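Asks: Got a predicted structure plus its sequence, pasted below:
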Amino acid sequence: MIATLDINVQKAERSKLLSTSLEEMPFGKYFTDHMLEADYEDGEWKNIEIKPYQPLLLDPSTAAIHYGQSIFEGLKAYKDDNGNVSIFRPYDNYKRFNVSAERMQMPSIPEEIFMEGMRRLVELDKNWIPHQEDHALYIRPFMFATDAVLGVKPSDKYKFMIILSPTGPYYNKPMRIYVEEKYVRAAPGGIGYAKAAGNYGASMHATAEAKKIGYDQVLWTDAFEHKYVQEIGTMNVFFIIGNAAFTPDLTSGTILSGVTRESAMTLLKEMGFDVIERQISVDDLIDAHRANMLYEVFGTGTAATISSIRELRYKDYVIEFDVEKWRTAPELKKRLDEIRSGKVADRFGWMYKV
């Protein structure tokens, strides 16, 4: 079924790659030659095409602009030393995309459009994949409501698209993190577990406030007591305490089920750690630090990969780390990188060959 998907392909007359250097690419600033686009109308997906990357023409009353029906995913494609191209765990992103769509009252995207459309697009623009360390081809599937009408209701029309961006690391140095107690990212019953655009828009003010006092991101806490930790900015978070790796559980529906999070949990178990998913309070972290048992804190995410935290601040209590002495986060990143780059066998079946 996937192999017979009818996609109209219009190739760009001239590649932008001829005038673009892939060395030290900043995250999300440059885009490849082509994009995929499909429309949902009259209860079905149609007009599936790959065409030159170009601006969109939208009506001023487009529903997504006014009422926020917009979701997205993020994943990466890699090229090994032999030039073979693979995408990291795309089926997991496909499933999560439709979880987000259901929560936002949007239509699900068929597997053949998401997977085969992505495969053909990446295959067409595979020369954009950087070769250097910590670089990859970032893949951004997204969907938004396109009804040209004002009124708070689910749209009848939607647009699904995929764009590609050659990119370097999202965070290029260990971060300083401020524990947020005033602003809230998500509450039970909300859309915290969905990858909805509004989640990210609502996070920007708290992040800006943290940056004013010298911090890179915030560690969100729960909406009711501001006691239990949730996510760090755009990342899931892990704490190495003693011989265990702790990460907040997903049962409250306020935390995104990260694909890199799941991968990290698998590899940490393989590295000999007890991986514990549960509520984690700020007091737990302070107690572990005072007992000299809090060894490392790091974030995980598609864009961030594995990002070290060098400082964590809660009120006036500051926890500092010497990340140069860390063993766990660097080894975890190394193992992930080796699988993605094809340097070791893909024993988990994570890489989808293009």
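Replies: Alright, I've got the coordinates.

Asks: residue contacts, the closest residue to Trp350 other than its chain neighbours?
Replies: Excluding the flanking residues, the one nearest Trp350 by C-beta to C-beta, 6 or more residues apart in numbering is Arg89, at 4.9 Å. All C-beta atoms are positioned from the backbone trio N, CA, C, and that covers glycine. Residues in contact with Arg89 (C-beta atoms under 8 Å, 6 or more residues apart in numbering) are Leu75, Val259, Ser263, Trp350, Tyr352.

Asks: For the residue lying closest to Asn82 once chain neighbours are set aside, pull up the helix or strand it's in.
Replies: Excluding the flanking residues, the one nearest Asn82 by C-beta to C-beta, 6+ apart is Gly342, at 7.5 Å. Using DSSP states H and E, Gly342 falls within no helix or strand.

Asks: Verify the stated contact: Ile7 with Gly117.
Replies: Yes. Counting by C-beta atoms under 8 Å, Ile7 touches Gly117, with 6.4 Å between them.

Asks: can you pull the contacts of the residue nearest to Gln105 when sequence neighbours are not counted?
Replies: Leaving aside its chain neighbours, Gln105 sits nearest to Pro154 (4.3 Å; criterion: C-beta to C-beta, 6+ apart). Applying C-beta under 8 Å, 6+ apart, we find Pro154 in contact with Gln69, Gln105, Met106, Ala145.

Asks: Specify which member of those is nearest to Glu181.
Replies: Comparing the contacts of Pro154 against Glu181 with C-beta to C-beta places Gln69 closest, at 30.8 Å.

Asks: ok, that closest one - how many residues close by?
Replies: 24 (other C-beta atoms under 10 Å).

Asks: Asp337 now?
Replies: Residues lying near Asp337 (other C-beta under 10 Å) number 16.

Asks: Name the residues that touch the helix or strand containing it?
Replies: If you go by DSSP H and E, Asp337 is part of helix 328-340. Helix 328-340 is contacted from outside by 76, 78, 86, 88, 133, 136, 240, 245, 260, 263-264, 267-268, 270-271, 273, 295-296, 298, 305-306, 308, 323, 343-344, 346, 348, 350-351, using C-beta under 8 Å, 6+ apart.

Asks: Give me the next element, helix or strand, following that helix.
Replies: strand 351-353.

Asks: Tell me which other helices or strands that next one touches.
Replies: When contacts are defined as 3 or more C-beta pairs under 8 Å, 6 or more residues apart in numbering; DSSP states H and E, strand 351-353 packs onto strand 85-88.

Asks: So what are the sheet partners of the strand it packs on and their directions?
Replies: If you go by DSSP bridges, strand 85-88 pairs up with strand 75-79 (antiparallel), strand 351-353 (antiparallel).

Asks: returning to what we had before: and the contacts of helix 328-340, which of them are buried?
Replies: By the neighbour-count criterion of 16 or more other C-beta atoms under 10 Å, those include these buried positions: 76, 78, 86, 88, 136, 240, 245, 260, 263-264, 267-268, 273, 295-296, 298, 305-306, 308, 323, 350-351.

Asks: For burial, what's the neighbour tally of Lys126?
Replies: Neighbours around Lys126, by other C-beta under 10 Å: 17.

Asks: which residues touch it?
Replies: Taking C-beta under 8 Å, 6+ apart as the test, what Lys126 contacts is Ala77, Lys79, Val85, Leu137, Val354.

Asks: still on that earlier bit, from the contacts of Pro154, list just the buried residues.
Replies: Buried residues within the contacts of Pro154, counting neighbours by 16+ other C-beta under 10 Å: Gln69, Met106, Ala145.

Asks: Okay, and which of the residues you listed map to strands?
Replies: Mapping the buried ones among the contacts of Pro154 onto strands (DSSP state E) picks out Ala145.
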